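In: Predicted coordinates and the sequence they were generated for:
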Amino acid sequence: MRFAETAIAGAYLVEPEPFTDERGLFARTFCAETFAARGLEARLVQASTSFNPTRGTLRGLHYQSAPHGEAKLVRATAGRIFDVAVDLRPGSPSYLAHASVELDASHRNAFYIPEGCAHGFLTLTEDCEVLYLVSAAHAPDCARTVRWDDPAFAIDWPAAPTLISPRDASAEDFLP
Ligand SMILES: Cc1cn([C@H]2C[C@H](O)[C@@H](COP(=O)(O)OP(=O)(O)O[C@H]3O[C@H](C)C(=O)[C@H](O)[C@H]3O)O2)c(=O)[nH]c1=O
């Protein structure tokens, strides 16, 4: 796996290094030892998936507050998404910065997002499937939302959403 830094400290685009032969390819997509050696969260305890048939679906921006903060390893297993993280860690050198990456099932790339960052995506194709590996179990009482078009983040979305939940569309401004 190759790790590329992003605009957020501690967030990385993870590119696989596939082994190819006449049968196709094999690629490692996660390794606890490799992640731990890089100082990344290696204890991923829950996996989830979302299926999004409509192009232009926007989910997020979500995070879990302490003490159930979660690091995430996100990949598109079908289709292509514009994936975004926002740094909400007041002590971070990239506080309030965002990082956006295009995750494409055909590239098998992934986005590692550290605890303390919000995450969301916009689907760029129909029938997108998004797989999450996270470092903390779902804690509904700690579920938090920040708004995709919050001026505090000025995220460079490629298009406006065609489908978004009322909860995501109505999040309050992050800064007072
Ligand atoms: C996240 C989660 C949700 N749920 C239940 C709660 C709701 O009844 C239902 C849908 O949840 P929600 O509308 O929060 O799903 P998304 O809007 O896709 O949220 C996810 O998408 C954004 C982009 C993320 O980064 C998070 O991983 C996650 O918040 O699944 C669970 O049972 N377990 C879970 O881990």
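Out: Now that the structure is in, tell me what you want to look at.
In: Scan the protein for its longest helix.
Out: The helix of greatest length in the chain, counted in residues with DSSP state H as the criterion, is given as helix 32-37.
In: Let me see the residues that make contact with the next helix or strand after it.
Out: Next along the chain after helix 32-37, taking DSSP states H and E as the criterion, comes strand 46-52. The list of residues contacting strand 46-52 from outside it, by C-beta atoms under 8 Å, 6 or more residues apart in numbering, reads 59, 77-79, 123, 127-134, 136-138. Heads up, the C-betas are built off the backbone N, CA and C, glycines and all.
In: Quick one: mean pLDDT for strand 46-52?
Out: Averaging pLDDT along strand 46-52 gives 98.
In: What of stretch 21-29?
Out: 98.
In: Between its first and last residues, how far does that stretch reach?
Out: In stretch 21-29, first residue to last residue: 18 Å (C-alpha to C-alpha, to the nearest Å).
In: count of neighbours near residue 49?
Out: Other residues near residue 49 number 10, with proximity taken as other C-beta atoms under 10 Å.
In: For the protein, what lies in contact range of the ligand?
Out: If contact is defined as C-beta under 6 Å from any ligand atom, the residues of the chain in contact with the ligand are 48, 50, 59, 60, 62, 119, 120, 121, 132, 138.
In: do that again at 5 Å, thanks
Out: Counting by C-beta under 5 Å from any ligand atom, the residues of the chain lying close to the ligand are 48, 50, 59, 60, 62, 119, 120, 138.
In: Select from those the one having the most neighbours.
Out: residue 120 (26 neighbours).
In: Does the spatially closest residue to that one that is not a sequence neighbour belong to a helix, a strand or coil?
Out: Beyond its immediate neighbours in the sequence, the residue positioned closest to residue 120 (C-beta to C-beta, 6 or more residues apart in numbering) is residue 60, lying 1.9 Å away. Residue 60 carries the three-state label strand when classified by DSSP: H, G, I helix; E, B strand; the rest coil.
In: filter the contacts of strand 46-52 to the buried ones?
Out: Burial by neighbour count, judged by 16 or more other C-beta atoms under 10 Å, picks out 59, 78, 79, 123, 128, 129, 130, 131, 132, 133, 134, 136 from the contacts of strand 46-52.
In: Residue 5: which of those is nearest?
Out: Lowest distance from residue 5 to the buried ones among the contacts of strand 46-52 (C-beta to C-beta) belongs to residue 133, with 20.2 Å.
In: Dump the helix or strand containing the closest one to PDB, keeping only the CA atoms.
Out: Secondary structure assigned from DSSP H and E places residue 133 in strand 128-134. Listed next in PDB are the C-alpha coordinates belonging to strand 128-134 (Å, rounded to 0.1, in the frame of the first residue of the first chain):
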ATOM      1  CA  CYS A 128     -22.200   3.700  -5.600                       C
ATOM      2  CA  GLU A 129     -21.300   1.400  -2.700                       C
ATOM      3  CA  VAL A 130     -19.200   2.800   0.100                       C
ATOM      4  CA  LEU A 131     -17.400   0.500   2.600                       C
ATOM      5  CA  TYR A 132     -16.200   1.800   6.000                       C
ATOM      6  CA  LEU A 133     -13.900   0.300   8.500                       C
ATOM      7  CA  VAL A 134     -14.100   2.300  11.700                       C
END
